[in-house]
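Engineer: For reference, the sequence and a predicted model appear below.
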Amino acid sequence: MAMAGVTVLCVAAAAVITACTDFLNQESKIALTEEEVYSDIRNVAPLVDGLYTTYRNLRGGRNGLMINLGVDESQQGNFQLNSEKQQSGLDKYNGLLAPESPQVAAIWSSRWPLITTAAKAIDVLSKVEATPATDALLGEASFFRALGMFELSMFFGEIPIIDISRTGELGTGRQPLTDVWTYIVNDFRKATETLPSKQSDPKRATSGAAWAMLGKAYMCAPEETGLRSYSEAKTCFEKVMEGGYSLVSNYAVLFTNDLEPNIWRQNTSESVFELQYQNLWPDQNYWEFDCGSRACDAWFGQGCYFSGYDFLVPTPFAYGDVANGGLWEEGDQRRNVNLRYDFTYAKMRKETNADGDEITIVDTITPDLSKTEWTGTTDELEPHIKKWEDYRTDEKAGDFANMWNSGKNHPIIRLADIYLLYAECLYRTGTTGVDGDHNAYVMKVRNRAWGGSAPQMPTPSGDFIKDLMDERMRELCFEGWRRIDLLRTGLFRELVSQRNRWTNEEHGGNLIPAFYQRYPIPDDEIKTNEDFANDPNAQNEGYPR
């Protein structure tokens, strides 16, 4: 759905419902009129329920992984870089990262149905008598409007504010950052007040998820808004830690099932908010295809659970050793959960023996990189992302032996993330938590990664915040937070310019220009949205209009 149509979506309530339910492919709800929604509050529940589908879909697939390109932990593979020229701008930060980029347009447009539907639900729910049921719906709608706005403002800066009751006043043009982030903070706070602490359905947001995102909002709000507050964020994270969550004992439990392919430990005690996927249409996330090796696909076929098309691969820093200027320390168990270094594959075949019986033969083979004539690239057997491999798609696992069918859950927020953010807040405010100072909370995460007792966090830079960002990469790599972490800490230009191979080659190791910290506003938005077309500041600085 193009954002160019958001003017209609935001101004006409009926159009909001029709367009957004059409986007969600919920045909039974397309016929709803505005009067029907207002006359029966039960009709709002399907709108709110659809928010989960919308957000899950926009985070899944290649479009959902776009924000992981052009950072210091991940980049696109060489073949993708050379074959998808316009897409290469997301790593190179050159003229190909432009308002005409379809990839940037997808990041922009995919979030507006979420925000607009949530805004409509908020408007309806604000006009009815409050009950526990309506409060919970209001909390969910507020959570998703804030979540969509949070992401868009981090990536694009000033954005429209979709508030149905103020459409005539606000229009559909860009609003000041202070106003945008005030809405984000207020929506997340409303969600903390109205969401239950537990939900029977694991997909649904809780007050814990709202407190976590409110804390992140306080840490991410631009300084000029006056809303950034590490002390407020600290309080929010304490609310999360009081919510009954606990770290699982073994990091591998969160992402590994290849040794026990029929056992899945998703929605663990550590999960605060988790997107629910399956390895069947239409609920896949396709990440195995996007993160797997093209060489392995050519050698082993689509029944190999680590084959794919190299859309997203780790940077050399993200798979390297500390001793060689990379990320990983000896003994850190997270390394081989997050990354694949070994491409040896046990491939099955059937044969008939001398007695006429069919038997299964297992050949253990490794691709020969010298024979990768289909691309001529050299990074297809360099380390790949293992975190999202789905063993259920392997030819040995059953009927769905196709890398397209990958569908591991995505833990958007988990307790380890909160511990590391809390440690940062303690450091920045010079305070301590119940279990000690900032180092104590870092060590909670690190001790798990060493199976009980870990060395202190490496401090190669001597800057606690920069070194903590490396620890966050070890724990959270490829989970979607890296771009936001780098932007909020002011480390984006320095670390991406150093560590992303394609950025570094494009700019000769020099810092990328500052304006690339924001994506360009899509050209279609400026051409078709009247409020953007009439705004001389509609395009972000540095990009052509």
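Structural biologist: Arrived safely, thanks for sending. Residues are numbered from 1 along each chain as shown.
Engineer: contacting residues for D531?
Structural biologist: The neighbours of D531, taking C-beta atoms under 8 Å, 6 or more residues apart in numbering as the test, are 7, 160, 171-174. In this view, the C-beta of every residue, glycine as well, is placed from N, C-alpha and C.
Engineer: Just the element for it, please.
Structural biologist: helix 530-533 (DSSP states H and E).
Engineer: Run the chain-centre distance for that helix.
Structural biologist: 29 Å (C-alpha atoms, centre = their mean, to the nearest Å).
Engineer: May I see the buried residues of that helix?
Structural biologist: Going by neighbour count (16 or more other C-beta atoms under 10 Å), the buried part of helix 530-533 is 531-532.
Engineer: and what of stretch 299-308?
Structural biologist: Result for stretch 299-308 [16+ other C-beta under 10 Å]: buried residues 299-300, 302-308.
Engineer: Can you pick out the most distant pair from the residues you listed?
Structural biologist: W299 and Y305 (13.5 Å; C-beta to C-beta).
Engineer: Surely I385 and F311 touch.
Structural biologist: No. If you go by C-beta atoms under 8 Å, I385 and F311 don't touch, sitting 9.9 Å apart.
Engineer: and for those two, which residues touch both?
Structural biologist: C291.
Engineer: And these two? Which one has more around it.
Structural biologist: I385 (30 against 25; other C-beta atoms under 10 Å).
Engineer: how far away is the more buried one from N57?
Structural biologist: 21 Å (C-beta to C-beta, to the nearest Å).
Engineer: Which residues belonging to the lengthiest helix in the chain are considered buried?
Structural biologist: Identified as the longest helix of the chain according to DSSP state H is helix 132-156. Going by neighbour count (16+ other C-beta under 10 Å), the buried part of helix 132-156 is 134-156.
Engineer: any low-confidence regions in this structure?
Structural biologist: Flagging of the chain using pLDDT under 70 yields the residue ranges 1-40, 258-264, 369-377, 397-400.
Engineer: the strands in the chain, which residues?
Structural biologist: Using DSSP state E, the strands of the chain run over 74-75, 271-275, 313-314, 339-340, 345-352, 358-365, 384-385, 410-414.
Engineer: Switch the ones you listed over to TSV; also include distance to V322.
Structural biologist: Listed next are these as TSV, based on distance: least, C-beta to C-beta, whole Å:
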stretch	distance to V322
strand 74-75	19
strand 271-275	29
strand 313-314	15
strand 339-340	14
strand 345-352	29
strand 358-365	31
strand 384-385	20
strand 410-414	24
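Engineer: Among those, which comes closest to E506?
Structural biologist: Comparing the strands of the chain by C-beta to C-beta, strand 74-75 comes nearest, at 11.3 Å.
Engineer: What pairs with the closest one, parallel or antiparallel?
Structural biologist: Using DSSP bridges, strand 74-75 pairs in its sheet with strand 313-314 (antiparallel).
Engineer: Sort out which residues of stretch 244-256 are buried, please.
Structural biologist: 245, 247-248, 251, 254-256.
Engineer: Sorry, wrong one. I was asking about stretch 435-453.
Structural biologist: 438, 440-446, 448-450.
Engineer: and this protein, what are its domains?
Structural biologist: As given by automatic domain parsing, the domain ranges for the chain are 3-188+518-533, 277-408.
Engineer: Of those, flag the one that's most buried.
Structural biologist: domain 3-188+518-533 (a mean of 20; mean count of other C-beta atoms under 10 Å).
Engineer: what residues are up against the nearest residue to E100 once chain neighbours are set aside?
Structural biologist: Nearest in space to E100, with sequence neighbours left out and distances taken as C-beta to C-beta, 6 or more residues apart in numbering, is D523 at 5.1 Å. By C-beta under 8 Å, 6+ apart, the residues touching D523 are 98-100, 105.
Engineer: repeat that with 10 Å
Structural biologist: D523 sits next to 98-101, 104-105, 539, 543-545 when contact means C-beta atoms under 10 Å, 6 or more residues apart in numbering.
Engineer: of those residues, closest to P513?
Structural biologist: Y543 (10.7 Å).
Engineer: where's the residue nearest to the spatial centre of the chain relative to W388, distance?
Structural biologist: Centroid-nearest residue in the chain: G480, 3.3 Å away (criterion: C-alpha atoms, centre = their mean). According to C-beta to C-beta, G480 and W388 sit 11 Å apart.
Engineer: Find residues that contact each of the two.
Structural biologist: Contacts common to G480 and W388, judged by C-beta under 10 Å, 6+ apart, are 65, 410.
Engineer: okay, the angle between the longest helix of the chain and strand 410-414?
Structural biologist: 100 degrees (axes from the mean of the first three to the mean of the last three C-alpha atoms, to 10 degrees).
Engineer: what packs against helix 132-156?
Structural biologist: Helix 132-156 sits against helix 44-59, helix 102-109, helix 112-125, helix 177-194, helix 207-220, helix 482-489, with contacts defined as 3 or more C-beta pairs under 10 Å, 6 or more residues apart in numbering; DSSP states H and E.
Engineer: Can you tell me which of those helices is nearest to P282?
Structural biologist: helix 44-59 (8.6 Å).
Engineer: What is that closest one packed up against?
Structural biologist: helix 13-23, helix 34-39, helix 61-65, helix 102-109, helix 112-125, helix 132-156, strand 271-275, strand 410-414.
Engineer: Please, where are all the helices along the stretch 251-400 of the chain?
Structural biologist: In the stretch 251-400 of the chain, the helices defined using DSSP state H, counting those that start in this stretch lie at 287-291, 294-300, 316-319, 335-338.
Engineer: Dump these into TSV; add distance to L495 as well.
Structural biologist: Shown next, in TSV, are the helices of the stretch 251-400 of the chain (distance: least, C-beta to C-beta, whole Å):
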stretch	distance to L495
helix 287-291	21
helix 294-300	27
helix 316-319	9
helix 335-338	18
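Engineer: Nearest approach to G70 belongs to which of these?
Structural biologist: From the helices of the stretch 251-400 of the chain, taking C-beta to C-beta, the stretch that ends up closest is helix 316-319, at 13.3 Å.
Engineer: Is G226 in contact with D179, as I believe?
Structural biologist: No. Counting by C-beta atoms under 10 Å, G226 stays clear of D179, with 11.9 Å between them.
Engineer: Turn the buried residues of stretch 435-453 into TSV, including distance to T352.
Structural biologist: Below are these laid out as TSV (distance: C-beta to C-beta, whole Å):
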residue	distance to T352
H438	65
A440	63
Y441	60
V442	59
M443	58
K444	56
V445	53
R446	54
R448	49
A449	48
W450	50
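Engineer: Just the ones in helices from these, please.
Structural biologist: 438, 440-446, 448-449.
Engineer: tell me which of the residues you listed is nearest to M348?
Structural biologist: A449 (33.9 Å).
Engineer: my read: that closest one touches D332, true?
Structural biologist: Yes. Using C-beta under 10 Å, A449 is in contact with D332, at 5.3 Å.
Engineer: Spit out the contact partners of R349.
Structural biologist: Here R349 is in contact with 359-363 (criterion: C-beta under 10 Å, 6+ apart).
Engineer: ignore the last one, K408
Structural biologist: 254-255, 257, 264, 266, 275, 277-279, 284-285, 287-288, 387-392.
Engineer: can you check R265 too?
Structural biologist: 248, 250, 252-257, 409.
Engineer: got it, and L511?
Structural biologist: 492-494, 496-498, 503.
Engineer: Mind doing that once more with 6 Å?
Structural biologist: Going by C-beta atoms under 6 Å, 6 or more residues apart in numbering, L511 touches 493, 497.
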